[in-house]
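>>> build me a model:
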Amino acid sequence: MRMRVLLAAGALAIVPALAGAQGPPATAAAHREGRIELTAGAGLFTINSTLNDFLSDPAVRIANWNPREFMFGGEVRAAYNFSRHLGLSLGTAMGNGSGMFLTAPFGALTYTLDLNSGLSPFIEVGGGLTRFSAYTGSPFPRAQDSATSAFSAFGGLGVRSMLGKHLALRVEGQLSYAKYDTLSRATYNGTVTLGLSYFLGGGPPRDTDADGVPDRRDRCADTPSGARVHTDGCPIDSDNDGVADGLDQCADTPAGVTVDANGCSRDTDTDGVADNLDRCANTPANARPVDANGCPADTDRDGVADYLDRCANTAAGDPVDANGCPRDTDTDGVTDNLDRCPNTLANARPVDANGCPADSDRDAVPDYLDRCANTAAGTQVDAGGCPVARDGDRDGVIDANDWCRNTPAGSRVNANGCPLAELPGLPAVGQSLVLRAVQFLAAGSRLTAASQTVLEGIAAAILATPNSRWEVGGYTSSMGSRAANLRLSQARARAVARYLISRNVAASALRANGYGSANPVAPNTTAAGRAQNRRIEIKRIQ
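Numbering: from 1, shown residues only. Here you go, the predicted model:
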């Protein structure tokens, strides 16, 4: 029994090897349903040991003594293939060996995976009779010289490999079951056959739309050329977009998406974003680029699309005009996002950095209304910007506070109404001025009287430079500890800043820093060098 199983398994194992060796046949697209198939082949039969023992029994003597388990022979059959899958065949197997002759007529039903393919595996079931006869010299042996089964049934696996338009190589393995009245047990025998099949008659069924499905089975007889179809001949549409697979260039279109003739998502405005994703389906042709939603891009998010935006990098939150540029409602040169006085009158010029009418003398009367443009700080003025009390020499200091009441016209004066010395030149932005004349009492931060006079001029010069900002820097020599020098330099810088603030310089325009012995301008090894390093610098930072 084991030998028969091994033979059947071996036969099946060589099926793909033999079929694969043939390569792709020239007739892979042939139609063989409705055709007659004639087969002839050689085979090897295995005989069940129980059956052999019976056939070689001295009382029976159909087979020689000690018969072999193998018998060589062949098979012939004729089949009719109803379709590409089902076929019915009649035939007989014949073999001889061990002094006896085998005859096994049968009928079988075959199921082929695809009869029309170049390589077509199949499954077969059938039944018939099996007869063993002793060699007697007569073609019609006597009943006592033969043994015939009551019935037999078999199953098999095989494959056809087309060698041409009509010819195929056929390999098959079978395992049969047979029952003999003279034996108490059923027998199992194996068969392996290798042969050729010849197809004749019939022809390809009519296929009007050439979709591979014959008209008699085609429910969609006018399928477009190139469309893949189901077994019923109707187009396959995997993504249900109305365009058949094989014609569909976008086979995974999401459900519900409107598509073009190629099965791809429609893009009506040709902006590169499909209509099903496009929130702006009618974007003009010149409105490029667009964002992921198909709407014109607005990089700075100012509400004006990039293709119209003349100011493409507007800061977030700034109100803009139709061109995407920061709005200047009162046309004063200061954009609304920076303008603290957004409704400045057209004649209220100039304006300061905040967009408000300038007030050079800080008397709360803007310059465009101020008839006394140089009013001293702190002076009470009228609506025209002029001092309320009498100012005989019109120097901006009322007579009650004026120590010099006959100041020549046009002279710049200090808070006491006396002419200022010529204003010192101040450095440009980023530059520093060393105030050598500013001195302090020894080892302290108290200004000398002469230093206050110098700082009076510095204060006036700063006031004459609107919107400027300054740093007062204090420095020492290297004598003493680093911590002590830092404290002393900081105290001196603050003393200078406090004096300037007392002379009406805005505190917000000043900052004071002590740097100790850092950044020497001369060697600290001599008394003269140390004297130069003890200094006050004023640096313009705006």
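
>>> burial of residue 466, as a residue count?
The local packing of residue 466 (other CB atoms under 10 Å) involves 13 other residues. Backbone N, C-alpha and C define where each C-beta goes, glycine included.

>>> okay, it: pLDDT?
In this prediction, residue 466 carries a pLDDT score of 87.

>>> which residue sits closest to it, ignoring its sequence neighbours?
Sequence neighbours aside, residue 360 is the residue nearest to residue 466 in space, at 6.4 Å (criterion: CB to CB, 6 or more residues apart in numbering).

>>> what about that neighbour, distance to residue 467?
Here the distance between residue 360 and residue 467 works out to 11 Å (CB to CB, to the nearest Å).

>>> out of these two, which sits in the busier spot?
In this view residue 360 and residue 467 are compared by other CB under 10 Å, and residue 360 has more residues nearby, 17 against 10.

>>> tell me the contacts of the more buried one?
367, 370, 373-374, 466 (CB atoms under 8 Å, 6 or more residues apart in numbering).

>>> any of the residues you listed buried? List them.
Neighbour counting over those (16 or more other CB atoms under 10 Å) leaves 367, 370, 374 as the buried ones.

>>> of those, which belong to helices?
Mapping the buried ones among the contacts of residue 360 onto helices (DSSP state H) picks out no residues; all lie outside.

>>> let's have these in TSV, adding pLDDT.
Putting the buried ones among the contacts of residue 360 into TSV (pLDDT from 0 to 100) gives the following:
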residue	pLDDT
367	81
370	79
374	85
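
>>> what's the closest of these to residue 45?
Closest approach to residue 45 among the buried ones among the contacts of residue 360 (CB to CB): residue 367, at 125.2 Å.

>>> over to the closest one: give its phi and psi.
Its backbone dihedrals place residue 367 at phi -60, psi -40, with angles given as degrees, to the nearest 10.

>>> ok, for it, nearest residue in space, not its chain neighbours?
Counting by CB to CB, 6+ apart, the residue nearest residue 367 is residue 358, at 4.8 Å.

>>> what about that neighbour, how many residues nearby?
17.

>>> tell me the pLDDT at it?
According to the prediction, residue 358 has pLDDT 84.

>>> pull the contacting residues for it.
Applying CB under 8 Å, 6+ apart, the residues contacting residue 358 are 350-352, 366-367, 466.

>>> can you spell out the domain ranges of this structure, please?
Structurally, the chain divides into domains by automatic domain parsing as follows: 2-200, 328-358, 363-419, 432-540.

>>> mean pLDDT for the ones you listed: which is lowest?
The stretch with the lowest average pLDDT out of the domains of the chain is domain 363-419, scoring a mean of 75.

>>> if we can go back for a sec, adding distance to residue 167, write the buried ones among the contacts of residue 360 out as TSV.
Output for the buried ones among the contacts of residue 360, formatted as TSV (distance: CB to CB, whole Å):
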residue	distance to residue 167
367	112
370	117
374	121
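
>>> now the helices for the stretch 1-150 of the chain?
Shown for the stretch 1-150 of the chain, the helices assigned by DSSP state H, counting those that start in this stretch span residues 2-21, 49-55.

>>> buried ones in the last one?
Applying a neighbour-count criterion of 16+ other CB under 10 Å, one finds 50-52, 54-55 buried in helix 49-55.

>>> and for stretch 507-521?
So, applying 16+ other CB under 10 Å, buried residues of stretch 507-521: 509-512, 514-517, 520.

>>> run through who's touching it.
434, 462, 468-478, 482, 485-494, 496-497, 500-501, 524, 529, 532-533, 535.

>>> centre of the chain to it, how far?
55 Å (CA atoms, centre = their mean, to the nearest Å).

>>> and it, how far apart are its ends?
Taking CA to CA, to the nearest Å, the span from the opening residue of stretch 507-521 to its closing residue is 29 Å.

>>> cool, and stretch 192-211?
38 Å.

>>> in this structure residue 479 contacts residue 530, no?
Yes - using CB atoms under 8 Å, residue 479 is in contact with residue 530, at 6.4 Å.
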